[in-house]
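Enquirer: got a structure for you, letters missing:
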């Protein structure tokens with residue numbers, strides 16, 4: 001299967017870490033978008049990469065598509081977040 005540089009495939013998933021192939025231009029710390037969940041590249045090896053799944057890994061399966069977001073993980077913080085409860089991705093957990 002020949003994919004563009006910006007799209008890869010989940011080769012395996014073990015304990016919340018996805019092994020990816022096909023993302024030749026991926027950088028460490030870069031965000032990855034799977035079908036229903038996000039991830040962050042942790043490790044780059046020749047021909048494959050490891051990514052931490054940032055959410056429910058039950059939604060991810062071998063053979064799923066992984067897409068580069070071409071941005072690093074970041075969270076902006078300002079006065080409107082004071083007193084709020086946020087998850088590691090900056091999503092408000094208080095429902096507002």
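Expert: The structure has been received and is ready for your questions. Just so you know, these numbers come straight off a predicted model, no measurement behind them.

Enquirer: so is the most centrally placed residue in the chain in a helix, a strand, or just coil?
Expert: In the chain, the residue lying closest to the centroid (C-alpha atoms, centre = their mean) is residue 39, at 1.3 Å. Put simply, residue 39 is strand when judged by DSSP: H, G, I helix; E, B strand; the rest coil.

Enquirer: hang on, isn't it packed against residue 52?
Expert: Yes. Assessed by C-beta atoms under 8 Å, residue 39 is found in contact with residue 52 at 6.1 Å. Quick note: C-beta positions are derived from backbone N, CA and C, even for glycine.

Enquirer: what residues are shared contacts of these two?
Expert: Common contacts of residue 39 and residue 52, defined by C-beta atoms under 8 Å, 6 or more residues apart in numbering, comprise residue 18.

Enquirer: what about the strands in the protein?
Expert: According to DSSP state E, the chain carries its strands in the segments 7-14, 17-21, 30-33, 38-45, 48-54, 65-72.

Enquirer: could you redo these as JSON lines and give each row distance to residue 79 and mean pLDDT?
Expert: Shown next, in JSON lines, are these (distance: least, C-beta to C-beta, whole Å; pLDDT from 0 to 100):
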{"stretch": "strand 7-14", "distance to residue 79": "38", "mean pLDDT": "94"}
{"stretch": "strand 17-21", "distance to residue 79": "36", "mean pLDDT": "95"}
{"stretch": "strand 30-33", "distance to residue 79": "25", "mean pLDDT": "92"}
{"stretch": "strand 38-45", "distance to residue 79": "26", "mean pLDDT": "91"}
{"stretch": "strand 48-54", "distance to residue 79": "25", "mean pLDDT": "93"}
{"stretch": "strand 65-72", "distance to residue 79": "24", "mean pLDDT": "90"}
